Structure formats: structure tokens, C-alpha cells
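Asks: Whatever this is, show me its structure:
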Amino acid sequence: MTAPFTLSDLPPWAFEKQDPAADADFYSEPRLVTHIDDGAIASLTAFYRRRLPPGGAVLDLMSSWVSHLPDDVAFGEVIGHGMNAEELAANPRLTRAFVQDLNADPTLPLADGALDAAMICVGAQYLQRPVEVMTELRRALKPGAPLIVSFSNRCFPTKAIAVWLRLDTQGQAALVGLYLEAAGFSGVETHVLADGRGCDPMVAIVGHA
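Replies: From the prediction side, this is the model:
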């Protein structure tokens, strides 16, 4: 399947996973590795430098031990979320963090309008309730604040949703865009940060609360 399509076009099995076991079990062991290569990381960091507000409160949803934020930009607060407490504790950019299985409970423990920006890096492919999660993100973001959802061509295939594995890059970008629009984000944009010729491909979808 490729673009264009709508969420209603998705089959009943779209959000199923090959491995139905609890995500908490899968992520119980820390993985202190990067899931994209240096070139893709550099392209994402450069994009963050342009699009994230210095001094703001930002949320790195589905984070780990590294957030790919630019070293030369200071933020007022960097909140991390993930599935492994040890990974989050090893992330030097986080000012605080919480562990939560968003597929079991998409409700975020954040106040309305508390965030100046939010990011999901190489994690959208694992969300089984993506519109609910992104609706929560929109609630927690200030009006007009950006959500940046980025992805590459790597994933844990047994934990990625079935439809993600059936889509090409264009289709995956369209799917994320549909999530954002269904959650009430406006001005949705797709940016190809790296085309995959010199490094891992990197695509960012941006919506505004």
C-alpha cells in the first residue's frame, strides 16, 4: 500500500503485531545503542536546531539514552518518556522522565498546554493507538507548538504494527500525516531530511497544535 489512502481504508489487522507479548517484557533489557546511523542523526539534529524553540519545554516521547538534540541549544526543560528506566536515566539531556506503555495507556501525565514542542523519533511504527497518543500530545502542547515525528527504515519488525511493514516510505509518511490530522494538528508538513544515499534515510512529519 502506498499513498494516497485514508485511515478508514486500513484493514482490521493494521495495528496488530507479530509479537503480541507485553511490550514491557520486550523492552525490559536496556539497549544502549543508536537505532539510526551518524548521518541520519546529524540530519535530524540539524532539523531540531531549526524547529525546536530554545529555552522551551520539550517532550521527547518514546525516547531512550540519547535524544539527538543539538548540543549548542539550551532548553528550559527536556522531558523524556520511554519503556526502559535505565535507558532514560542514561540520557544526559533529560531533566525528568517517565516510563509508560502507550499501547496500554495513551494518557500522558502532563498538564494542558505545558509543552513548547514534542518529538517522536523512530517510534511511531510501534504505536497501536497512535491517534489517541497524538491527541494527548496536542492537548499537552501550547497552541501552535510543533510535534515532530521522524522515522527511518529501521525497526524491530516483530513489534512494529502490521500496516507499517506493508508501506513504502511515502506511505509511511502519509500514514503519520493522517494520524496528525485525525488528532487535530494543522499545517502538516513532510520533510525528507536524508534520502538514504549517503546514510540511513530520515523523514520528519511536522504538525502544529
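Asks: roughly how far apart are the residue most central in space within the chain and residue 70?
Replies: The centroid of the chain falls nearest to residue 120 when counting by Cα atoms, centre = their mean (1.8 Å). With distances taken as Cβ to Cβ, to the nearest Å, residue 120 is found 18 Å from residue 70. Quick note: C-beta positions are derived from backbone N, CA and C, even for glycine.
Asks: One more: residue 174?
Replies: In terms of Cβ to Cβ, residue 174 sits 28 Å off from residue 70.
Asks: next one: residue 47
Replies: Counting by Cβ to Cβ, the gap from residue 47 to residue 70 is 10 Å.
Asks: Tell me which of the two has more neighbours.
Replies: The neighbour comparison of residue 47 against residue 70 (other Cβ atoms under 10 Å) goes to residue 47, with 21 against 16.
Asks: Double-check that the more buried one belongs to a helix.
Replies: Yes: using DSSP: H, G, I helix; E, B strand; the rest coil, the assignment for residue 47 is a helix.
Asks: Quick check: it touching residue 148?
Replies: Yes: using Cβ atoms under 8 Å, residue 47 is in contact with residue 148, at 7.3 Å.
Asks: contacting residues for the residue nearest to the centre of the chain?
Replies: 61-62, 147-150 (Cβ atoms under 8 Å, 6 or more residues apart in numbering).
Asks: Then it would be within a strand, right?
Replies: Yes: with three-state DSSP as the criterion, residue 120 is part of a strand.
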